[in-house]
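Q: give me the fold of what follows.
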Amino acid sequence: MQGNEDVSVHDGSHQDGPQVRSRAGPKATSRRGGCALPFVFIRHSERFPPVSPPAAAAATDLLLKVTPPRVPRDALARAALSGSQRALGEQPVVLVQAPAGFGKTLLLAQWRREHLSRGAAVAWLLAQPEDDPARFVQALALAVRVGAGRPTFGHALLQAGGPTGLEGVTTWLAEVAQGALNLVLVVDEADRLPPATREALAYLLRNAPPNLRCIVAARSDCQLELEDLVAYGQCVVIGTAQLRFTLDETLQLVRNRFGQAMDPDAAARLHEMAEGWPLGLQLALSVAGPGARPELPQPGLHGGALRSQLLDYLLGNLDPADLDFLARISVADPLHPGLCEVLVPGAGSRTRLERLLRDTPVFVASEQSDWVRLHSLAREALRERLQAAAPDDVRALHARAAEWLARQGLLDAAAGHALASGQEQLAYELAERSLYELMVAQGRQTAVLEWVRQLPPGELERRPRLLLAAAWSLAISERHEEAGRLVARLLEQPDADEGLRWECALILGGAAMFADDPDRFVALHEPWPEAPPRADTRLRQIHANRLAMRALLQGEPALARLRQQQGPRSEGTSSEHLNRWGDLIISLSYLWEGQVKLAEQLLRPALAGMDGNLGRRAPLACDLAALLAAALWERDQPEEAQALLANRLDVLERCGLADCVMLGYRALARMAVASDNEPRALELLGALDAVGIARRLPRLRIASLSEQVRVHARRYRSETCRDLCRQLDALLAEPGLPQGPLWRRTVDGMRRLAQAYAAISAQDWRGAVQPLAEAEALALQSRQGRVRIEALGLRAWVLDRCGEKAQPLVREAMGLAEACGLQRVFSDAHPGLADWLRNSSAAAPVRASSPAAPPPARSAIQPRATASMVLTPKEREVLELLARSLSNKEIGLAMQVGEETIKWHMKNLFAKLDAGTRKQVVSRARILGLLADTATP
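A: Okay, the predicted model is just below:
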């Protein structure tokens, strides 16, 4: 080859100018995944110095290594791991380490796009086992040529006899530092590099100039010896915990696959089954069959194929010794290295655990802790495998676990293992010492209820502290009536003192709260305005929470917050449960007043803490989620509100507070109405009525009927509304309903609103005025702000329809809604009210009262050149117009420049993008992220 030449890749199509085929000829075409790889051509260029034959050979060999992967259009962009996050964006080195199947490469491709969009040049390098230091240096040089559009970069490194090893890396770093280039180097699969090349990579990372940022992905067993960079804050490590999908990301992934028809509950169950493992979720989604209405796989229905696939990825490649080790330690959960050494004695147990933790996705590790747990699917399969062992061996494993856990002070876990090992009396003693603390301080209600189910009745009678723990757990569940019988046994004891009577009143008060009997709740706490002097701090905090709830039920939400804040607040994670109960009461007081902004601010961190501490399906976590979902719906954030309640409704149905159940179901029903899915809304309200019947909570039935009246009133179905009102009146007339004034005041407000909606459905505007005024008066009396704003807005509307002046009421209702952040209150009430307020907004413009804006029209997709240092602004403009299939003359007319100038820019584009045809210029620009499709109106 003579003259000035540069290396380019072509598909064999026609191109302008002379071409020379490389010596490899047609046989150089290779295939990967069934796709023919392009030929390598040598194209003459007058602008750049010659590239020697070794450079051409290197380019031919290394081209695939420096070509970034194609990112699917529907790939999930992970906002929590976005490169724009401060923790990631300011670090010179980012190391992503995790076992296979955690989406490392796709995350790197996402970061590459983000860096390109911010104008940086990105050099991509896929590591391979044959990459010795010399080849690694050549790949680095070619990566910058391709990613930055610098055809002359690293000329000396690609020459035969050029510098190699650390000298070559130093030369590469010097050229990067001297070039006015903001460069990001991405090295994928660094674990495949040989040891000498890993040292060269570590040298590069430690000596990177200020204009170079490095991102490296490797499996967990890869040791790059970068601990010093991490310690000095120059390197951030992304591990398996961060790479696991959150529930929100799983829901978005499923939504991208199935659209709005996806079932959030099924998606949440899939997330829990895969425990956020990206590959596991992809495998689960692959089970869903094609069709017009594809369904998510259900673990129970698709158990065979789905479970075997996931287990094959989890356990299929392990050797028998590792499987035996995992089966033996699976008797315990969670696991600690010390516990594993006791379960499987031997010098290599700790080392084996560390290796499996590092190399496999079998474990779910905790941040800043030595405790780990097995993936739920793996644990289930391993325990099935353990059943084949001799029963005496299994009991011995449980006995060793009980002994070790008891020495560590983990008495509740030790009690379970002692019971499994056949040591019943030891198990009951450990349970008596631990279950009360587990229930009162930590809120582990499910675990305590399981113990109550297993304990013989005689053991409860002989152990008063176990009896107390059982009473507490039953009181705040659907079995609250049983708590009364246990309390009666406690009070019959001859040594029952003032402290025990006070604690029993707290237990019965909890039962009354879950029975939705506010008047009995207030009466039980009436004799105890103060806690006994020597009461336990945790019980004093419960007492303060109960005083706050009492004030709220009496219609004093501000006093409720004061009572709760004046009470003691426990510090430390052991009493986090009690603090979260206080947050629930304060949040409920805010929702009571309609202050949804303040409720959201308090509920977000409280729910995050409960989800992390007890799990998202813990009863208290579900109560908090229902309150937050109601607040977010009022703030017009339906997707997040729906995600919060995914796979939680069944827990709310069984053991949720009546107010939380009502608010959660009501929010979901209103979301369904807003999305024109009225059958789903009526189904949810029917389920709410069924919960009221099953748990004997008539207020839930009344709430269901009144909400159904609202739904039908939106379509002016007067006969249906009248029939529902008759059902509501008949229900209120049934004997046996609570007759206390607090309970009656709550349901009377619902009844008045239902009567008003029934009148509106019949367009009896005058008949709706009186029940709306009465509902507003009841809301004012109890300080229920949202109900008052709704009634006020409706009254203004019906008065206007009667021909009366209503503008002062309109301004007041809209102003109150805006101050509280209630963006859905009028749209949810009635579409006619929302339309009328929108037309009246000139007098009182309020964004919160407007109905949801219609979705924007679909936009056209136009190619847009991304900001980058690779191309000049003029070259980016030419590239955009070229992508629209314009000729040189048309591009010149569009840019108001001559055709010769356009030819000059085109020549530069051909050189920088290593292309031979106009079509290849556009294609290469898309591959390199320099051209993106953007929606334009």
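
Q: next secondary structure after the helix ranked longest in the chain?
A: When the chain is parsed with DSSP state H, its longest helix is helix 741-761. Under the assignment DSSP states H and E, the closest C-terminal helix or strand after helix 741-761 is helix 765-782.

Q: list the buried ones in that next one?
A: Trp765, Ala768, Val769, Pro771, Leu772, Glu774, Ala775, Glu776, Leu778, Ala779, Ser782 (16 or more other Cβ atoms under 10 Å). For every residue, glycine as well, the C-beta is placed using N, CA and C.

Q: quick one: pLDDT of the third one?
A: Going back to what we said before, that points to Val769. pLDDT for Val769: 95.

Q: contacting residues for it?
A: Arg795, Val798, Leu799, Cys802 (Cβ atoms under 8 Å, 6 or more residues apart in numbering).

Q: just to revisit the earlier point, helices and strands around the longest helix of the chain, which ones?
A: For helix 741-761, the elements it packs on are helix 518-525, helix 698-713, helix 718-732, helix 765-782, helix 785-801, judged by 3 or more Cβ pairs under 8 Å, 6 or more residues apart in numbering; DSSP states H and E.

Q: would you mind listing the buried residues in it?
A: 742-743, 745-761.

Q: picking that back up, would you list the helices and strands packed on helix 741-761 in TSV and tack on distance to Asn613?
A: TSV is the format used below for these (distance: least, Cβ to Cβ, whole Å):
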stretch	distance to Asn613
helix 518-525	27
helix 698-713	28
helix 718-732	39
helix 765-782	33
helix 785-801	30
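
Q: mind checking those helices for the one nearest to Gly316?
A: helix 698-713 (48.3 Å; Cβ to Cβ).

Q: which pLDDT value belongs to the nearest residue to Leu598 once chain neighbours are set aside?
A: Using Cβ to Cβ, 6 or more residues apart in numbering and skipping residues adjacent in sequence, the residue nearest Leu598 is Tyr590, 4.6 Å away. On pLDDT, Tyr590 comes in at 96.

Q: could you do Thr872 as well?
A: 81.

Q: Glu249 now?
A: pLDDT, Glu249: 86.

Q: tell me, how many residues neighbour it?
A: 20 (other Cβ atoms under 10 Å).

Q: before we move on, what about Pro456?
A: Every residue meeting other Cβ under 10 Å relative to Pro456 is counted, giving 10.

Q: ok so, going back, closest to Leu584 out of the helices and strands packed on helix 741-761?
A: When these are compared by Cβ to Cβ, helix 518-525 sits nearest Leu584, at 15.1 Å.

Q: the closest one vs helix 698-713, what angle?
A: If you take axes from the mean of the first three to the mean of the last three Cα atoms, to 10 degrees, helix 518-525 sits at 150 degrees to helix 698-713.

Q: one step back: what pLDDT, on average, does the longest helix of the chain get?
A: pLDDT averaged over helix 741-761 gives 95.

Q: hmm, the residue nearest to Leu598 is touching Pro557, no?
A: Yes: Tyr590 lies in contact with Pro557 (Cβ atoms under 8 Å); the separation is 7.5 Å.

Q: show me how the chain divides into domains.
A: Annotated domains of the chain cover 5-50, 79-224, 582-696, 860-936 [automatic domain parsing].

Q: turn those into JSON lines, columns for mean neighbour count.
A: Below are these laid out as JSON lines (neighbours: other Cβ atoms under 10 Å):
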{"stretch": "domain 5-50", "mean neighbour count": "14"}
{"stretch": "domain 79-224", "mean neighbour count": "19"}
{"stretch": "domain 582-696", "mean neighbour count": "21"}
{"stretch": "domain 860-936", "mean neighbour count": "18"}
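
Q: same list (these) but as JSON lines, adding distance to Thr351.
A: Formatted as JSON lines, the domains of the chain follow (distance: least, Cβ to Cβ, whole Å):
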{"stretch": "domain 5-50", "distance to Thr351": "38"}
{"stretch": "domain 79-224", "distance to Thr351": "13"}
{"stretch": "domain 582-696", "distance to Thr351": "30"}
{"stretch": "domain 860-936", "distance to Thr351": "43"}
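
Q: follow-up on the earlier one: show me which of the buried residues of helix 765-782 is closest to Gln564.
A: Ser782 (18.5 Å).

Q: where does the stretch 1-150 of the chain have low pLDDT?
A: Low-confidence regions of the stretch 1-150 of the chain, defined by pLDDT under 70, span residues 1-61, 73-74, 83-89.

Q: picking up where we left off before, relative to helix 518-525, how tilted is the longest helix of the chain?
A: Angle of helix 741-761 versus helix 518-525, following the same axes, to 10 degrees, is 160 degrees.

Q: show me where the stretch 101-250 of the chain has its strands.
A: Listed in chain order, the strands of the stretch 101-250 of the chain (DSSP state E, counting those that start in this stretch) span residues 121-126, 183-188, 212-218, 235-238.

Q: may I ask which helix or strand encompasses the residue nearest to Leu598?
A: helix 576-593.

Q: which SSE is immediately downstream of the helix or strand Ala414 falls within?
A: Ala414 belongs to helix 411-420 when assigned by DSSP H and E. Next in sequence after helix 411-420, counting helices and strands by DSSP H and E, comes helix 424-440.

Q: now for that following helix, which elements pack on it?
A: Using 3+ Cβ pairs under 8 Å, 6+ apart: helix 424-440 touches helix 391-407, helix 411-420, helix 445-454, helix 464-475, helix 537-553.

Q: show me where the stretch 251-400 of the chain has its helices.
A: 264-274, 278-287, 303-315, 320-329, 337-343, 349-359, 376-386, 391-407 (DSSP state H, counting those that start in this stretch).

Q: would you mark the buried spots in the fifth one?
A: Going back to what we said before, that points to helix 337-343. Leu339, Cys340, Glu341, Val342, Leu343.

Q: next, Val96: secondary structure please.
A: strand (DSSP: H, G, I helix; E, B strand; the rest coil).

Q: list the contacts for it?
A: Contacts of Val96 (Cβ under 8 Å, 6+ apart): Lys104, Leu107, Leu108, Ile215, Val216, Ala217, Ala218, Val237, Ile238, Leu243.

Q: phi, psi of Ala208?
A: Note on Ala208: its backbone torsions stand at phi -70, psi 140 [degrees, to the nearest 10].

Q: Ala217 bridge partners, please.
A: Beta-bridge pairing for Ala217 (DSSP bridges): Val96.

Q: distance of Leu668 relative to Val661?
A: For Leu668, the distance to Val661 equals 11 Å [Cβ to Cβ, to the nearest Å].

Q: now do the shared contacts for the two.
A: What both Leu668 and Val661 touch, as defined by Cβ under 8 Å, 6+ apart, is an empty set.

Q: Glu774 is in contact with Arg752, isn't it?
A: Yes: between Glu774 and Arg752 there is a contact under Cβ under 8 Å: 4.8 Å.

Q: about what we covered before: which among the strands of the stretch 101-250 of the chain is found nearest to Leu410?
A: strand 235-238 (29.7 Å).

Q: quick one on the thing from earlier: the following helix or strand past the helix holding Tyr590 to helix 785-801, inter-axis angle?
A: Per DSSP H and E, the first helix or strand lying C-terminal to helix 576-593 is helix 596-614. With the same axes, to 10 degrees defining the directions, helix 596-614 sits at 140 degrees from helix 785-801.

Q: which elements pack onto helix 596-614?
A: Taking 3+ Cβ pairs under 8 Å, 6+ apart as the contact cut, helix 596-614 packs with helix 576-593, helix 619-634.

Q: out of those, flag the one nearest Asp536.
A: Closest to Asp536 of these is helix 576-593 (Cβ to Cβ; 11.2 Å).

Q: packing partners for the closest one?
A: Looks like helix 576-593 contacts helix 537-553, helix 557-566, helix 596-614, helix 619-634, helix 785-801 (3+ Cβ pairs under 8 Å, 6+ apart).

Q: closest to Pro278 out of the ones you listed?
A: Short answer: helix 596-614, nearest of the helices and strands packed on helix 576-593 by Cβ to Cβ, at 20.0 Å.

Q: send me that closest one as CSV with only the CA atoms.
A: C-alpha atoms of helix 596-614 as CSV (Å, rounded to 0.1, in the frame of the first residue of the first chain):
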residue,chain,number,x,y,z
VAL,A,596,-50.9,15.7,51.8
LYS,A,597,-47.6,17.5,51.2
LEU,A,598,-46.6,17.2,54.8
ALA,A,599,-47.8,13.6,55.0
GLU,A,600,-45.7,12.7,52.0
GLN,A,601,-42.6,14.3,53.5
LEU,A,602,-43.0,12.2,56.7
LEU,A,603,-44.1,9.0,55.1
ARG,A,604,-41.4,8.5,52.5
PRO,A,605,-38.5,8.0,55.0
ALA,A,606,-40.7,6.1,57.4
LEU,A,607,-41.8,3.6,54.8
ALA,A,608,-38.3,3.2,53.5
GLY,A,609,-37.1,2.4,57.0
MET,A,610,-39.8,-0.1,57.6
ASP,A,611,-39.3,-1.9,54.3
GLY,A,612,-35.6,-2.3,55.0
ASN,A,613,-36.2,-3.3,58.6
LEU,A,614,-39.2,-5.7,58.6
